[in-house]
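Asker: got a sequence here, can you model it:
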Amino acid sequence: MPDHRSQQNSALAEAPERPASPFDAHIGTEWLDLGPDEARARIAVENHHKQPMGLVHGGVCAALAESICSVATYRAVAGDGMTIVGQSNDTTLLRPISEGHVNAVARPRHRGRTTWVWDVEISDDDERVCALGRITIAVRPARRDA
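Answerer: Predicted coordinates for the structure are as follows:
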């Protein structure tokens, strides 16, 4: 039986860096590591990330969680002619962030043929866990438009 992880690692080496995302550029995502076993990214907190009470809006945490999982999954499967789309995002907010960075670390929980499930931990610069996410990414054959 072929080693699925070896196939994924070789596919990662051949995959494009990542698809361009105007949304990620807009929210200021900084990509730190996009491996298939662990991915890291962060956003420097700016005023436009905050809700009226001066705290980072929960949507920023949810968006960062989905983006990091989407890009890491894409890099792992694109070399096999596959593409990805977000399927589910369940982000629970635990404590606020008001300054510094919104830091995300994602680790795959399940790497299947048609779905990947990731666990994401969002923390502040003091390494306090501020949110937890469970993200499901659908994996599908890339469209070949003629």
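
Asker: partners of residue 31 in the sheet?
Answerer: residue 41 (DSSP bridges).

Asker: now do residue 92
Answerer: What pairs with residue 92, by the bridge criterion (DSSP bridges), is residue 132.

Asker: quick one: the strands in this protein?
Answerer: 29-34, 39-44, 82-93, 101-111, 115-123, 129-141 (DSSP state E).

Asker: tilt between the longest one and strand 115-123?
Answerer: Going back to what we said before, that points to strand 129-141. Interaxial angle of strand 129-141 relative to strand 115-123 (axes from the mean of the first three to the mean of the last three C-alpha atoms, to 10 degrees): 160 degrees.

Asker: for strand 129-141, packing partners?
Answerer: helix 58-77, strand 82-93, strand 101-111, strand 115-123 (3 or more C-beta pairs under 8 Å, 6 or more residues apart in numbering; DSSP states H and E). In short, each C-beta sits where N, CA and C put it, glycine included.

Asker: next: the third one.
Answerer: Helices and strands touching strand 82-93, by 3+ C-beta pairs under 8 Å, 6+ apart, are helix 58-77, strand 115-123, strand 129-141.

Asker: how about that strand as CSV, C-alpha atoms only?
Answerer: The C-alpha coordinates for strand 82-93 follow below in CSV (Å, rounded to 0.1, in the frame of the first residue of the first chain):
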residue,chain,number,x,y,z
MET,A,82,-6.6,19.1,-7.0
THR,A,83,-8.0,22.4,-5.6
ILE,A,84,-9.7,23.4,-2.4
VAL,A,85,-12.7,25.3,-1.0
GLY,A,86,-13.7,26.0,2.6
GLN,A,87,-16.5,23.8,3.7
SER,A,88,-16.9,24.5,7.5
ASN,A,89,-15.5,27.0,9.9
ASP,A,90,-16.2,26.6,13.6
THR,A,91,-14.3,29.2,15.6
THR,A,92,-14.8,29.7,19.3
LEU,A,93,-13.6,32.9,20.9
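
Asker: understood, closing this out.
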